[in-house]
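Asker: structure here, sequence nowhere to be found:
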């Protein structure tokens, strides 16, 4: 089984460290040099040999901008099992960690990963010329795993990195990863951009990683991913690995995400994110058919919080968001990133499909609550009853009773829906993801507030059925195929 590894030397199970870059391909207006000919490029100190950029010149230009970040943390140890032999209560001891960082301003600001400096009692920064300085935390953002620290005293001679545009990266572009892997010292590795927009990996709350095969190891976290123009296009963050070491799948936070978060942390020490007040899920082909969509595109709203920004704008459960400010939406992870990065009080335009017809809504985003939830909760799982046939064969439903409300943790005011009390293993409903304890709120977009209403609507169904299910406080749409 694969493991995510952090690029922090003291942790060998989740390595944070890779990045992305832009290739040095010549434009159609460039004159390609003859083999062996050396030509000076637009960037000072960079040369092109035999039609390709000199990697050594690119690395030499950026190396002074990448630093080693050493931390001292307090580690808590369990008490001894034998207190009469000198044990006792919990004890503390100091531990050490090593990561990397990137100088982003001449007065000493450094961009790194949150996990590199989290809980650090002391921070020291070692620059390329071996000078060592104390540093303090300016601000952290655990949800993106980014942090800004600052060297004490703003010493002279610091060389900041120049940001590049990660959105222009293409698969196959050459990139360099620079950092301090395993604490051996500053190291440069080369690879390509293997993928973009990696999300739903469970590393951070907001993910939009660049994937690269440049060698990344523990200690690279917070280091630079640069393109062949020598510009910063990513902050190395993690690797996907079976062993905890390099296996060719490194992940970096793109500069397009890191730079605005960095600026916000420098200004206020924290990040304010946009809040829409909805529950969301991806649209698969079955849902697309049931919702009369042209294909499995966009994000389905499973819940719209009353009084929230989306609710005030007129959005409804069952709407499918296809674009935000003209940007095509392809997944829930991307949608969350777009809304969050827009920021509080920002007005955005949402294009949605409702009952097969396009509509546009203007929404003023709120401020994401501390719990970080986009909507109220996420998907979960003899009174009168019925056992269905057809698509729902093998499923037993009951009226929603006060006892069900207590058992399922529902409010006593909730009156609508029918409860699934039994489910045949291997049935179509089980394969679709239904489970005992689910409360069915809608059948084929019609509300079912009683067993009689459920049976009436199900009797009208002729094929696959679309259910809106409540589970542990949240809702989710499921398609059960006949």
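Answerer: Yes, it's here. Nothing here was measured: the structure is a model prediction, and the numbers come from that model. Numbering: from 1, shown residues only.
Asker: I'd guessed residue 348 sits against residue 324; true?
Answerer: Yes. Checked against Cβ atoms under 8 Å, the pair residue 348 and residue 324 is within contact range at 5.7 Å. Using the backbone N, CA and C atoms, a C-beta is placed for each residue, glycine as well.
Asker: any shared contact partners between those two?
Answerer: 339, 342 (Cβ atoms under 8 Å, 6 or more residues apart in numbering).
Asker: before we move on, what SS does residue 191 have?
Answerer: Following DSSP: H, G, I helix; E, B strand; the rest coil, the label given to residue 191 is strand.
Asker: the residue nearest to it when sequence neighbours are not counted: what's it in contact with?
Answerer: The shortest distance from residue 191 to any residue other than its chain neighbours is 3.1 Å, reached at residue 214 (Cβ to Cβ, 6 or more residues apart in numbering). Listed by Cβ under 8 Å, 6+ apart, the contact partners of residue 214 are 18, 19, 175, 176, 177, 189, 190, 191, 192, 225, 250.
Asker: swap in 10 Å and give it another go.
Answerer: 17-21, 174-178, 188-194, 220, 225-226, 236, 246, 248, 250, 252 (Cβ atoms under 10 Å, 6 or more residues apart in numbering).
Asker: over to residue 454?
Answerer: Counting by Cβ under 10 Å, 6+ apart, residue 454 makes contact with 386, 388, 392, 397, 399, 417-418, 440, 442-443, 446-448.
Asker: now residue 276
Answerer: 301, 304-305, 308-311, 313, 315, 321, 324, 335-336, 338-340, 342, 348, 350, 363, 365-366, 368, 374-375.
Asker: isn't residue 439 up against residue 401?
Answerer: No. Taking Cβ atoms under 10 Å as the definition, residue 439 is not a contact partner of residue 401, at 11.5 Å.
Asker: between the two, which one's more packed in?
Answerer: residue 439 (24 against 13; other Cβ atoms under 10 Å).
Asker: the residue nearest to residue 191 and residue 428, how far apart?
Answerer: When distance is defined by Cβ to Cβ, to the nearest Å, residue 214 is 46 Å away from residue 428.
Asker: do residue 471 as well
Answerer: 18 Å.
Asker: cool, and residue 391?
Answerer: With Cβ to Cβ as the criterion, residue 391 and residue 428 are 6 Å apart.
Asker: between those two, which contacts overlap?
Answerer: Counting by Cβ under 10 Å, 6+ apart, the shared contacts of residue 391 and residue 428 are 464, 465, 479, 480, 481, 482.
Asker: hang on, isn't the fifth one packed against residue 463?
Answerer: Going back to what we said before, that points to residue 481. Yes. At 8.3 Å, residue 481 counts as touching residue 463 under the criterion of Cβ under 10 Å.
Asker: what touches both of these two?
Answerer: Contacts common to residue 481 and residue 463, judged by Cβ under 10 Å, 6+ apart, are 289, 391.
Asker: and residue 130, how many residues sit next to it?
Answerer: When neighbours are defined as other Cβ under 10 Å, residue 130 has 6 of them.
Asker: how about it, phi and psi?
Answerer: Residue 130 adopts backbone torsions of phi 80, psi 0, taken as degrees, to the nearest 10.
Asker: could you do the one 4 residues further on as well?
Answerer: For residue 134, the backbone dihedrals are phi -80, psi 150 (criterion: degrees, to the nearest 10).
Asker: so what's it bridging to?
Answerer: According to DSSP bridges, the residues that bridge with residue 134 are residue 124.
Asker: check contacts around it.
Answerer: 122, 123, 124, 125, 150, 151, 152, 153.
Asker: closest to residue 262 among those residues?
Answerer: Ranked by distance to residue 262 (Cβ to Cβ), the contacts of residue 134 are led by residue 150 at 11.9 Å.
Asker: that closest one and residue 107 touch, don't they?
Answerer: Yes. With contact defined as Cβ under 10 Å, residue 150 counts as touching residue 107 (8.0 Å).
Asker: the more surrounded of these two?
Answerer: residue 150 (21 against 13).
Asker: where's the more buried one, which helix or strand?
Answerer: Residue 150 belongs to strand 146-151 when assigned by DSSP states H and E.
Asker: avg pLDDT for that strand?
Answerer: The average pLDDT within strand 146-151 is 96.
Asker: one more: stretch 278-286?
Answerer: According to the model, stretch 278-286 has a mean pLDDT of 87.
Asker: and that stretch, what's buried?
Answerer: Residues of stretch 278-286 classed as buried by neighbour count (16 or more other Cβ atoms under 10 Å): 278, 279, 280, 281, 282, 283, 286.
Asker: could you do stretch 175-192 as well?
Answerer: For stretch 175-192, by 16+ other Cβ under 10 Å, it's 175-183, 186-192.
Asker: and for stretch 289-297?
Answerer: Buried residues in stretch 289-297 (16+ other Cβ under 10 Å): 289, 290, 291, 293, 297.
Asker: sort out for me which of the contacts of residue 276 are in strands.
Answerer: Among the contacts of residue 276, the members found in strands (DSSP state E) are 301, 304, 321, 324, 348, 350, 363, 366.
Asker: pretty sure the fourth one contacts residue 330?
Answerer: No. With contact defined as Cβ under 10 Å, residue 324 and residue 330 do not form a contacting pair (11.3 Å).
Asker: so these two - more neighbours on which side?
Answerer: residue 324 (20 against 16).
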